[in-house]
Each structure stands twice: as structure tokens, then as C-alpha cells.
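Colleague: the amino acid sequence is not available; the structure is as follows:
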């Protein structure tokens, strides 16, 4: 009996640590380009409705599904997605979507299902700026060879010419900073990277 209790306590402790690690990843502030480049799938979709809660391999963790109508694919073009999944708990990066609303969504496959979290691209389509729409169509993918370096204090310097600094001004780290809304980290002809818009025609210092 003692051994059984001990085993259960160890299992519970491991699960708690694992959940804490997952929750930690929710504290993410990533540029939309990073979210695009690290995703398996990026698409424009209309949310049609919800599905019942489903269990995962970890019994204490559950997911909910959303039925979607895929309107356009920006990454992972060979795959047609009809359902996306997310954790039911917001502490585990779970999201809530509005029915009959069009979204830009990115996600990765987990146990054969497309999983979307609050660390992915989850934007109502109508709220995207023109530059962000241009980004998902072509510019973000072209800049996936660049590295976006997060700055949380000044001074902040790039370690290579293939980096773009993000957040080196107090307001820039916010979701609606100009580098988030209007710019893409673009690789230029000399293989250096810079924040640019209008297809790389207008650039600013990293």
C-alpha cells in the first residue's frame, strides 16, 4: 500500500511539473513572423461551431475542438483542415474562438490533431493590418531565414547581421508595436536582415 501511494505521489508530482512547464510556454510574446515560421499550418478559416471535450493521453488534460471551414492556406498547402483542437484550460495555453468569425490561425500537429494555442497566430481576420496580411501571403515565409531577437532592456545589440531586434524601445514589445503591425524581418540580397515593409522597399535599422 505504501509503495502504491508513493508511486501515485511521484506520478502526480511529475504531472504537475509538466503542466507548469506547459503553462510557462504560455507566457510568450512572439512576433507574427515567428509564429508563422514555427507553425506546421497557417490558414484563414471560419469557425463553424464547437465539439465536445475530448481526453488526451494524460487523463487530467482535456481538449476541445472547433469545426472550421478552411478558406485559404498560407502554409501546409497540401493539407485540408476541418477541425482544430486546443486545451480547455487557458493556463495550458487554451484559446476560445467566436462562432461564425473568420480567423488567421497557425498551429502544430499533436497526436495527429492540429493543435492551436495562445502562443500561435490567433487573430480575427478583420483586425489584421495590411502589412500583416502581406506577411502571411509571402513576406513572413521569405524571412524565415532571419532571426528575431527579443530585447527586454537597453542597450540591446544584435549578435549577427541576420538578426532583427524586437522590443528595443519600451512600446515595441507590446502586441501593437510598429514592428509587429507594419514590418517583416526581411533577408536582403547580402543575406543581412532588417525590418522592412512594402516588399522590402522601405527598411529601418534592426
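Modeller: Arrived safely. It should be emphasised that the depicted structure is a prediction, and the values quoted were computed from it without experimental measurement.

Colleague: tell me the contacts of the residue nearest the centre of the chain?
Modeller: What sits nearest the mean C-alpha location of the chain, by C-alpha atoms, centre = their mean, is residue 120, with 1.9 Å. Counting by C-beta atoms under 8 Å, 6 or more residues apart in numbering, residue 120 touches 35, 39, 105, 106, 107, 108. Any C-beta I mention is one placed from the backbone N, CA and C, and that applies to glycine too.

Colleague: ok, of those, which one's closest to residue 190?
Modeller: Nearest to residue 190 among these is residue 35, at 26.6 Å by C-beta to C-beta.

Colleague: find the nearest non-adjacent residue to that closest one, please.
Modeller: Spatially, and ignoring its direct neighbours in sequence, residue 35 is nearest to residue 121 (4.4 Å; C-beta to C-beta, 6 or more residues apart in numbering).

Colleague: buried ones in the lengthiest strand in the chain?
Modeller: Identified as the longest strand of the chain according to DSSP state E is strand 62-75. In terms of neighbour count (16 or more other C-beta atoms under 10 Å), strand 62-75 has its buried residues at 62, 63, 64, 65, 66, 68, 70, 73, 74, 75.

Colleague: and that strand, average pLDDT?
Modeller: Throughout strand 62-75, pLDDT has a mean value of 95.

Colleague: any idea how far it is from the chain center?
Modeller: 14 Å (C-alpha atoms, centre = their mean, to the nearest Å).
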